[in-house]
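>>> pasting the structure only:
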Ligand SMILES: Nc1ncnc2c1ncn2[C@@H]1O[C@H](COP(=O)(O)OP(=O)(O)OP(=O)(O)O)[C@@H](O)[C@H]1O
């Protein structure tokens, strides 16, 4: 295990009240994973990610990275260890009086890297993040997406094992967000870099994460493979986030006008996972059974771990044929949920 977090907590003590910002969080993150942490504002995400590199000191618990106990390190050792933990921020946190080149060179200067080596590394990073030609620009002359590219290059300067991303795309428009997410995926693959990503947008999780933890009031209320959490969210918070992606699909009221309400009809929701989504299931059913199928609504969501699709259909026919049809669909590996309460 690359990162192992045990019973991590942070209590902010204030005059008027105490806030348990992070509450007993235990998580394991594998090398090379893109691990998402999602939660609403105030859930404790920023505090959590800042506890990992001790920008905030935990009140309790342990953070292990590559068998180093981060929580126990002295200030000096922590400074050294932090070079292996890159971080990017929502508002980029660039040095405004320095050029793109100088911003990226900065962590190398601090690490005592010689001028020639610095130069090679900076130029390599500028190429990696797609900023060739902008070396001498100042942050004020760059777009938001370009600024975040500088942030990413700077975070990678000392060849970290881990990249912490604190709402790294929240200040960007949707198109630029996708560009930056694609860049993070390509860096993750090229460098086998482990990435921890804090966000309040399910889209970000869907697009790039392998695994996800859902935070609510300082606690992790659910965690698992992104595809599993998408298909079967367990907690109320996870369900709300999944709905964010496709609000229409989760509002079953919107199906009502399309249902014929024949006496013998049944409305079912089919869950297609991975390659199931590519099969011609419906036409197979129609060839095999004497049944009518009324398609009500469908959607497909690609994730890093495969595709997830849902399809609402109304099956109309003889009761026993409907039952056989449902069995047939289930036996082909597609999950069938009978929806009783739409009509
Ligand atoms: N330095 C601080 N001192 C006191 N309380 C804090 C401090 N930082 C955060 N908090 C409180 O801790 C809780 C969690 O905040 P945090 O910023 O970690 O949540 P978040 O999920 O990142 O939300 P947001 O996206 O709005 O920043 C909030 O109630 C917040 O007010």
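Ah, there it is. What you see is a predicted model; the values in this text were computed from it and never measured.

>>> give me the element residue 184 is part of.
helix 174-191 (DSSP states H and E).

>>> That helix - what's its average pLDDT?
Along helix 174-191, the predicted local confidence has a mean pLDDT of 96.

>>> How many neighbouring residues does residue 126 have?
Residue 126 has 20 neighbouring residues, counting by other Cβ atoms under 10 Å. Where you see a C-beta, it was placed from the backbone N, CA and C, and this is true even at glycine.

>>> For the residue nearest the centre of the chain, which non-adjacent residue is spatially closest?
By Cα atoms, centre = their mean, the chain has its centre lying nearest to residue 205, at 2.4 Å. Spatially, and ignoring its direct neighbours in sequence, residue 205 is nearest to residue 36 (4.2 Å; Cβ to Cβ, 6 or more residues apart in numbering).

>>> pretty sure the one you found is in a strand, no?
Yes. With DSSP: H, G, I helix; E, B strand; the rest coil as the criterion, residue 36 is assigned to a strand.

>>> Show the contacting residues for it.
Contacts of residue 36 were listed using Cβ atoms under 8 Å, 6 or more residues apart in numbering, and they are 197, 198, 199, 204, 205, 208, 209, 211, 212, 213, 226.

>>> Tell me the one among those residues nearest to the ligand.
Of all those, residue 198 has the smallest distance to the ligand: 6.7 Å, by Cβ to the nearest ligand atom.

>>> quick check, the closest one in a strand?
Yes. Going by three-state DSSP, the assignment for residue 198 places it inside a strand.

>>> Roughly how far does the closest residue in space to it that isn't next to it in sequence sit from residue 242?
With sequence-adjacent residues excluded and distances taken as Cβ to Cβ, 6+ apart, residue 198 is closest to residue 45, at 4.4 Å. For residue 45, the distance to residue 242 under the criterion Cβ to Cβ, to the nearest Å works out to 18 Å.

>>> Who has more neighbours out of those two?
For residue 45 and residue 242, the more surrounded residue by other Cβ under 10 Å is residue 45, and the numbers stand at 24 against 21.

>>> And the more buried one, what's its pLDDT?
We note a pLDDT of 97 for residue 45 in this prediction.

>>> And residue 326, by the same measure?
The confidence metric pLDDT takes the value 91 at residue 326.

>>> Residues of the stretch 51-200 of the chain that sit close to the ligand?
For the stretch 51-200 of the chain, the residues in contact with the ligand under the definition Cβ under 6 Å from any ligand atom are residue 200.

>>> for the protein, where's the lowest mean pLDDT among helices and strands?
Sorted by mean pLDDT, DSSP states H and E, the helices and strands of the chain end with helix 247-250, the least confident at a mean of 61.

>>> Give the buried residues for stretch 45-62.
For stretch 45-62, the neighbour count (16 or more other Cβ atoms under 10 Å) marks 45-54, 56, 58, 61 as buried.

>>> Dump those residues to TSV, plus secondary structure.
Shown next, in TSV, are the buried residues of stretch 45-62 (three-state DSSP):
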residue	secondary structure
45	helix
46	helix
47	helix
48	helix
49	helix
50	helix
51	helix
52	helix
53	coil
54	coil
56	coil
58	coil
61	strand
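
>>> thinking again about what came up before, residues contacting the residue nearest to the centre of the chain?
Going by Cβ under 8 Å, 6+ apart, residue 205 touches 36, 38, 197, 199, 212, 226, 241.

>>> Ramachandran angles for it?
Backbone torsions of residue 205, given as degrees, to the nearest 10, read phi -60, psi -50.

>>> Over to residue 272?
In terms of degrees, to the nearest 10, the main-chain angles of residue 272 are phi -100, psi 130.
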